[in-house]
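Enquirer: Sharing a model that was predicted from the sequence below.
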Amino acid sequence: MKLKHAIFALSFLGIFSLPLLSQKSDSDELPYLWNELSAPDFVKAVELSDGICLLPAGIIEKHGPHLPLSTDLILSREIASRAAELEYALVYPEFYFGQIYEAKHQPGTVAYSPELVWKMLEETCEEMSRNGIKKIIIVNGHGGNNNLFAYFCQAQLAKRKDYVVVFFQPDDKQLDAEVTKLRTTDYGGHADEEETSMLYTIRPDLVHTDQATSQSGRDQLRLNIPYGYTGIWWYASFPNHYAGDGSSPNKTIGEMIFKSRAEQLAELVKFLKTDDSASKLQKQFYQQTDNPLETEQ
Ligand SMILES: [Zn+2]
């Protein structure tokens with residue numbers, strides 16, 4: 001299964017076509033990948049998942065000089081798949097639309113317009129809901145998407161929805177401390193030792209460690225605006241679209257991160273299977289927004 005999922009990392013683009021696994025009718029052996037289910041099994045899968053679907057998200061962008069353009073997509077798909085194996089949920093094909101304007105100067109980057117990105121996000125959720133998914137969990141593998149997805153969650157309150165969008169926020173201080181001890185570098189953030197280790201764990205064939213030091217992944221310190229945020233900050237610091245040093249990947253680090261992320265995500269899925277507080281509060285909120293003058297003061 002693992003190898004199959006890894007190879008399927010770009011299957012949403014129709015690049016690969018692998019022989020299908022046999023479709024099992026027994027509900028506890030249902031595949032979790034949305035696109036691998038037959039239509040009759042899809043109905044069972046929605047029921048088995050309690051209407052929960054994971055949306056692995058990433059982007060197509062340069063990852064230093066040594067990693068493939070779809071690194072984030074491969075990693076978020078792996079985390080979502082491992083979580084679904086621990087606690088059943090549907091897993092949507094990778095979402096490769098997002099915020100990546102800061103890397104438009106690098107070869108291979110695909111940066112759709114903000115309008116299209118928003119539309120794709122919105123309509124992807126609408127289509128999930130139309131198919132019985134009422135709890136959507138975004139599993140993000142791309143740092144440049146963090147503000148976008150947080151804002152997307154906030155924007156759910158603008159209009160009545162019959163589903164809830166949850167943005168997975170892993171938090172494991174023990175993992176962070178252990179990884180720090182194992183690391184040989186003390187800087188990073190993009191295509192660095194950690195991210196390279198993760199990809200190396202599942203797709204070593206895509207990691208070109210011999211190229212990892214051919215460009216600088218150091219902060220170039222080209223901008224210093226006090227108390228201000230501006231979009232060019234990343235380009236100012238990391239014009240090579242590389243932050244860190246990925247020349248010494250470590251499978252122990254990669255496996256530790258996958259394990260922790262998958263376990264926390266599975267815990268979130270399990271929680272949402274029985275907890276409806278977010279959907280109930282959302283419903284109550286929409287009702288109140290129709291008549292704000294009736295809200296108790
Ligand atoms: Zn990345």
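Expert: That came in fine, so what should we check first? Numbers count the residues shown, from 1 in each chain.
Enquirer: all contacts plus neighbour counts: C-alpha atoms, from now on.
Expert: Fine.
Enquirer: Checking my notes, Y200 in a strand, right?
Expert: No: read with DSSP: H, G, I helix; E, B strand; the rest coil, Y200 is helix and lies in no strand.
Enquirer: Tell me how many other residues surround it.
Expert: Neighbour count of Y200, defined by other C-alpha atoms under 10 Å: 23.
Enquirer: does it really touch T252, like I thought?
Expert: No: contact criterion C-alpha atoms under 8 Å: Y200 and T252 do not qualify, at 10.2 Å.
Enquirer: show me where the stretch 151-297 of the chain has strands.
Expert: With strands called from DSSP state E, counting those that start in this stretch, the stretch 151-297 of the chain shows them at 164-167.
Enquirer: Point out where it drops to low pLDDT.
Expert: Across the stretch 151-297 of the chain, nothing is flagged by pLDDT under 70.
Enquirer: what are the ranges of the helices in it?
Expert: Here the stretch 151-297 of the chain has its helices, by DSSP state H, counting those that start in this stretch, at 173-182, 193-202, 233-237, 251-274, 277-290.
Enquirer: Mean neighbour count, those: which tops it?
Expert: The highest mean neighbour count among these, using mean count of other C-alpha atoms under 10 Å, belongs to helix 193-202: a mean of 25.
Enquirer: gap between Q215 and L54?
Expert: According to C-alpha to C-alpha, to the nearest Å, Q215 and L54 sit 35 Å apart.
Enquirer: oh sorry, the question was meant for A155
Expert: A155 is 19 Å from L54, by C-alpha to C-alpha.
Enquirer: if you count what's nearby, which of these two comes out ahead?
Expert: Per other C-alpha under 10 Å, whichever of A155 and L54 has more neighbours is L54, with 30 against 10.
Enquirer: Which of the helices or strands spans that one?
Expert: Here L54, judged by DSSP states H and E, is contained in strand 52-57.
Enquirer: Just the buried residues of that strand, please?
Expert: 52-57 (16 or more other C-alpha atoms under 10 Å).
Enquirer: now that strand against helix 251-274, angle please.
Expert: Taking axes from the mean of the first three to the mean of the last three C-alpha atoms, to 10 degrees, one finds strand 52-57 and helix 251-274 inclined to each other by 140 degrees.
Enquirer: Name the residues that touch strand 52-57?
Expert: 46, 72-73, 76-77, 80, 89-97, 128, 133-142, 269, 272-273 (C-alpha atoms under 8 Å, 6 or more residues apart in numbering).
Enquirer: Which members of these occur in helices, if any?
Expert: 46, 72-73, 76-77, 80, 128, 269, 272-273 (DSSP state H).
Enquirer: Include distance to L182 when you put the residues you listed into a markdown table, please.
Expert: What follows is these, written out as a markdown table (distance: C-alpha to C-alpha, whole Å):
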| residue | distance to L182 |
| --- | --- |
| V46 | 41 |
| D72 | 22 |
| L73 | 25 |
| S76 | 23 |
| R77 | 25 |
| A80 | 25 |
| M128 | 40 |
| V269 | 30 |
| L272 | 34 |
| K273 | 36 |
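Enquirer: ok, what's across the strand from the most centrally placed residue in the chain?
Expert: Central residue of the chain (C-alpha atoms, centre = their mean): N140, 2.2 Å from the mean position. Here N140 sits in beta bridges with A57, as judged by DSSP bridges.
Enquirer: so it makes contact with S76?
Expert: Yes: counting by C-alpha under 8 Å, N140 touches S76, with 6.2 Å between them.
Enquirer: Find the residues that touch each one of these two.
Expert: 56-58.
Enquirer: Format those as JSON lines; extra columns: pLDDT and distance to P204.
Expert: Below are the shared contacts of N140 and S76 laid out as JSON lines (pLDDT from 0 to 100; distance: C-alpha to C-alpha, whole Å):
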{"residue": "P56", "pLDDT": "98", "distance to P204": "21"}
{"residue": "A57", "pLDDT": "98", "distance to P204": "21"}
{"residue": "G58", "pLDDT": "98", "distance to P204": "19"}
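Enquirer: Between the residues you listed, which sits nearest P31?
Expert: P56 (16.2 Å; C-alpha to C-alpha).
Enquirer: tally of neighbours for the nearest residue to the closest one once chain neighbours are set aside?
Expert: The shortest distance from P56 to any non-neighbouring residue, by C-alpha to C-alpha, 6 or more residues apart in numbering, is to V139 (4.7 Å). Around V139 there are 27 other residues, counting by other C-alpha under 10 Å.
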